[in-house]
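Trainee: Build me a structure from this.
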Amino acid sequence: MGAIRDFLFPSVEAAKPGVVTDVQAANLQPLQNLDYFSVLGTPVSVTRQLAMSVPSVARARNIITGTIGSLPLTTFNRITGEYVDPHRVINQPDPRVAGFVVYCWLAEDIWMYGAGYGQVLEMYSSTDGGRVRAWTRIRPSRVTVDTDIQTDSITGYKVDGKPVPINGVGSIIRFDGPDEGLLHRAGKTIQAAVYLENAAVNYAKEPAPSMVLKSNGTNLTAERISSLLSAWKTARQSRSTAFLNADVELQQFGFDPKTMQLSEARQYVALELARACGIPAYFLSAEQTSMTYSNAVNERRSLVDFSLRPILKAIEERLSLPDFVPNPVMVRFDLDDFLRGNPLERAQVYEILNRIGAMSVEQIQREEDLIPNES
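Mentor: Predicted coordinates:
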């Protein structure tokens, strides 16, 4: 019975005898959401190209991913609270490109598809900890997963249809997001926005006439018709009262953009997309607000709390696993500069901290990027 069970339900170790799985890699893990299979082979609700053709989605994408990509990563000891210098792999995963590029696109993958992927380029030697030394982001469309028969756990990965190692150079680093991703859960809303954009473009290309001068049985020559239209246009530019003789009759038909409420519909969809994207509507100009310097800082905090936090945590927690940093070191994004208050608020805080001895003048100068005066 044991042989039959092993044949029907092979384990990773049984499938690869003699290979000891290194759990530090955290690659063989539960499959959190079956919708991930949409990323890994079958069509999603809408494509990235279609979603990015919608201005609201493109703006939300650039705000969310651009902000995350620009934030520095720090490492600290969670027991002592002491900050330690991060290895280069933390802030510049791929030596060939800037770290901003890697984390910007990785954040997009997590946001749009529900999961992001990296591939190991280099490893430290076992004497240096055997951890990841360099990795790069890899497009989700290139990655497929192998699962157990219950489709509960991932047992391996393929890139471009070819199996890759479970650990070491070439292995996959997976960043799980909080849900199935924007392209799955907001497909209908994105499609509605695309249809409205197409309607606006079509009206701009071929505007329907709203007025017609109809002949009352009189055979008019082409020259006479052209003369009537020109005279009608000239008269409407100079006076609002019109006069028609018995030869022609004015008819109105069709709908103009205002009657069709294209503008209102697009604004409504933009508001719905702000909700779907998880970003405050102000950032997409989907609602009118009065902004000042002080509440602009509050808007940034709202952006972090309600938009960025899930993606930040997905990246932070994955980089804090033992294949990147030793226990008890943790990786966190540094939000201090992004959430920095206005100069008056900062000065008041510094004055209090300096008075109680928590910060020296030199520390305050470093925090504010001020160069002390040379005496």
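
Trainee: Can you give the contact residues for stretch 331-346?
Mentor: 67-68, 71-76, 86, 90, 293-294, 297, 300-301, 304, 312, 315-316, 319-320, 324-325, 349, 368 (Cβ atoms under 8 Å, 6 or more residues apart in numbering). (Glycine included, C-beta is placed from N, CA and C.)

Trainee: Mind checking which of those residues are buried?
Mentor: Buried subset of the contacts of stretch 331-346 (neighbour count, 16 or more other Cβ atoms under 10 Å): 67-68, 71, 73-76, 86, 90, 297, 300, 304, 312, 315, 319-320, 324-325.

Trainee: tell me the strands in the protein, going along the chain?
Mentor: Listed in chain order, the strands of the chain (DSSP state E) span 73-77, 83-84, 115-123, 132-138, 143-147, 154-159, 162-163, 172-176, 211-215, 248-252, 329-333.

Trainee: Give the partner strands of the longest one in its sheet and their orientations.
Mentor: Right, strand 115-123. strand 132-138 (antiparallel), strand 172-176 (antiparallel) (DSSP bridges).

Trainee: need these in a markdown table with distance to Gly156 and mean pLDDT, can you?
Mentor: Output for the strands paired with strand 115-123, formatted as a markdown table (distance: least, Cβ to Cβ, whole Å; pLDDT from 0 to 100):
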| stretch | distance to Gly156 | mean pLDDT |
| --- | --- | --- |
| strand 132-138 | 15 | 96 |
| strand 172-176 | 9 | 93 |
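
Trainee: which residues of this protein score low on pLDDT?
Mentor: Residues of the chain meeting the criterion pLDDT under 70: 1-28, 32-44, 202-211, 217-218, 240, 252-263, 286-296, 341-342, 371-375.

Trainee: By residue count, which helix of it is the longest?
Mentor: Identified as the longest helix of the chain according to DSSP state H is helix 187-205.

Trainee: Quick check: buried residues in stretch 184-200?
Mentor: Within stretch 184-200, the residues that count as buried by 16+ other Cβ under 10 Å are 184, 186-187, 189-190, 192-194, 196-197, 200.

Trainee: from memory Lys214 sits against Gln251, does it?
Mentor: Yes. Under the contact definition of Cβ atoms under 8 Å, Lys214 touches Gln251, with a separation of 5.4 Å.

Trainee: mind checking which of the strands paired with strand 115-123 is nearest Asp94?
Mentor: Closest approach to Asp94 among the strands paired with strand 115-123 (Cβ to Cβ): strand 132-138, 4.0 Å.

Trainee: which residues sit in contact with the nearest residue to Thr151 once chain neighbours are set aside?
Mentor: Counting by Cβ to Cβ, 6 or more residues apart in numbering, Thr151 lies nearest to Leu31, which is 6.4 Å off, once chain neighbours are set aside. By Cβ under 8 Å, 6+ apart, Leu31 lies in contact with 145, 147, 151-154.

Trainee: Please flag which of the contacts of stretch 331-346 sit within helices.
Mentor: Using DSSP H, 67-68, 90, 293-294, 297, 300-301, 312, 315-316, 319, 349 are the members of the contacts of stretch 331-346 that sit in helices.

Trainee: Thank you, goodbye.
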